[in-house]
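Participant: please work out how this folds:
(2 chains)
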Number of protein chains: 2
Amino acid sequence: MSEGCGYCSGTGETVLWQGEDCRVILADEPGYPGWCRVVWKEHVAELSDLAPRQRRHLMDVVAAVERIVRSKMSPAKMNLASLGTQMPHLHWHIVPRQLTDPTYPSPVWAEPDASRARPRNESDLADQLRSALNAELGQGRSLPFR
Amino acid sequence: MSEGCGYCSGTGETVLWQGEDCRVILADEPGYPGWCRVVWKEHVAELSDLAPRQRRHLMDVVAAVERIVRSKMSPAKMNLASLGTQMPHLHWHIVPRQLTDPTYPSPVWAEPDASRARPRNESDLADQLRSALNAELGQGRSLPFR
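Facilitator: Next up is the predicted model:
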């Protein structure tokens, strides 16, 4: 635990899947429904700080989230990123990009087009993704993952 | 091969390591020395389009590049991203972030601070990274990677 780290505390998160080593949460990013994050449990900064088997487990979860988000959201493209420059606790962004989203086709961190709509997540989206993730990953799987 | 895809043609790239399934190149992004890309050979859009063993091989290479770039550039943070929204050919950005880079601590795709310097890669950086990658990965390794 690192004091002041929002990913260590996990306050206010919409958790979609909880494993022993990482969890999947639904981000609240208006304009980008289905944007998920995979958060490593320990306060570790970089992917290469993990042991190879931990890294492979994390990336297996990221790929599973990507598959499920693709299947539910039918995006034009998926974006994946592990940045954490201001919050150095290893977490992955899994972002379905739609032709109509506020920054398409630029990265989501570019200046948005103010004229585009910013729909919120539909109320049952978390439930849909949660069921699909539990079916795909099992409940609370730990290492070794598969 | 997809017509008009710069990652299929590979024109003008500074190649640091070439494997049978993917290659590592040094990006020419002024202000961000050491920014590398790992490019999957086939024209595939998404990480989850790969078979699990291909995906693990690719991410092993990404992690190796991250380790080497960290060791050579001593960054404040590493950033990893697979976006490709405008160029849907699977490639990873591996970006060492420095306190003085044009967009620190925002993502590299945010609006830059025009007052910050934009140093280019030092002339021998490609050679240094190339040697380290060949030592780490071997020359032209294919699947299965390890």
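
Participant: for the rest of this, base every contact and every neighbour count on C-alpha atoms.
Facilitator: Fine.

Participant: number of nearby residues for residue A:15?
Facilitator: 17 (other Cα atoms under 10 Å in any protein chain shown).

Participant: name the SS class of it, please.
Facilitator: Assigned by DSSP: H, G, I helix; E, B strand; the rest coil, the conformation of residue A:15 is strand.

Participant: count of neighbours near the nearest residue in space to it that is not next to it in sequence?
Facilitator: Excluding the flanking residues, the one nearest residue A:15 by Cα to Cα, 6 or more residues apart in numbering or on different chains is residue A:25, at 4.4 Å. By the criterion of other Cα under 10 Å, residue A:25 has 23 neighbours.

Participant: quick check: bridge partners of residue A:25?
Facilitator: For residue A:25, the beta-bridge partners are residue A:15, residue A:37 (DSSP bridges).

Participant: measure it to residue A:133 for me?
Facilitator: Using Cα to Cα, to the nearest Å, we find residue A:25 at a distance of 11 Å from residue A:133.

Participant: what is in contact with these two at once?
Facilitator: With contacts defined as Cα atoms under 8 Å, 6 or more residues apart in numbering or on different chains, the residues adjacent to both residue A:25 and residue A:133 are A:16-17.

Participant: for residue A:83, give me its contacts.
Facilitator: Residue A:83 neighbours (Cα under 8 Å, 6+ apart): A:91-92, B:78-81, B:107.

Participant: how about residue A:5?
Facilitator: Residue A:5 neighbours (Cα under 8 Å, 6+ apart): A:87, A:89.

Participant: for residue A:73, same thing?
Facilitator: A:34, A:96.

Participant: tell me the pLDDT at the residue nearest the centre of chain A?
Facilitator: Central residue of chain A (Cα atoms, centre = their mean): residue A:37, 1.7 Å from the mean position. At residue A:37, the predicted lDDT confidence score is 98.

Participant: repeat for residue A:145
Facilitator: Confidence score, pLDDT, at residue A:145: 66.

Participant: return the set of buried residues in stretch A:43-50.
Facilitator: Residues of stretch A:43-50 classed as buried by neighbour count (16 or more other Cα atoms under 10 Å in any protein chain shown): A:43-48, A:50.

Participant: with stretch A:6-23 instead?
Facilitator: Within stretch A:6-23, the residues scored as buried using 16+ other Cα under 10 Å are A:7-8, A:15-19, A:21-23.

Participant: then stretch A:26-34?
Facilitator: For stretch A:26-34, by 16+ other Cα under 10 Å, it's A:26-27, A:31-34.

Participant: same question for stretch A:73-80.
Facilitator: A:75, A:77-80.

Participant: what about residue A:73, distance to residue A:121?
Facilitator: From residue A:73 to residue A:121 the distance is 11 Å (Cα to Cα).

Participant: does residue A:37 touch residue A:84 like I think?
Facilitator: No. The pair residue A:37 / residue A:84 is not scored as a contact, 11.8 Å apart, by Cα atoms under 8 Å.

Participant: shared neighbours of the two, which are they?
Facilitator: In contact with both residue A:37 and residue A:84: residue A:91, using Cα under 8 Å, 6+ apart.

Participant: okay, and for chain A, where does confidence drop off?
Facilitator: A:143-146 (pLDDT under 70).

Participant: rerun that using 80 as the cut-off
Facilitator: Flagging of chain A using pLDDT under 80 yields the residue ranges A:1, A:139-146.

Participant: let me see the ranges of the strands in it.
Facilitator: A:14-18, A:22-26, A:36-40, A:77-82, A:91-97 (DSSP state E).

Participant: to residue B:100, which of those lies closest?
Facilitator: Residue B:100 sits nearest to strand A:77-82 of all these, at 20.0 Å, using Cα to Cα.

Participant: tell me the gap between the closest one and the middle of its chain.
Facilitator: 9 Å (Cα atoms, centre = their mean, to the nearest Å).
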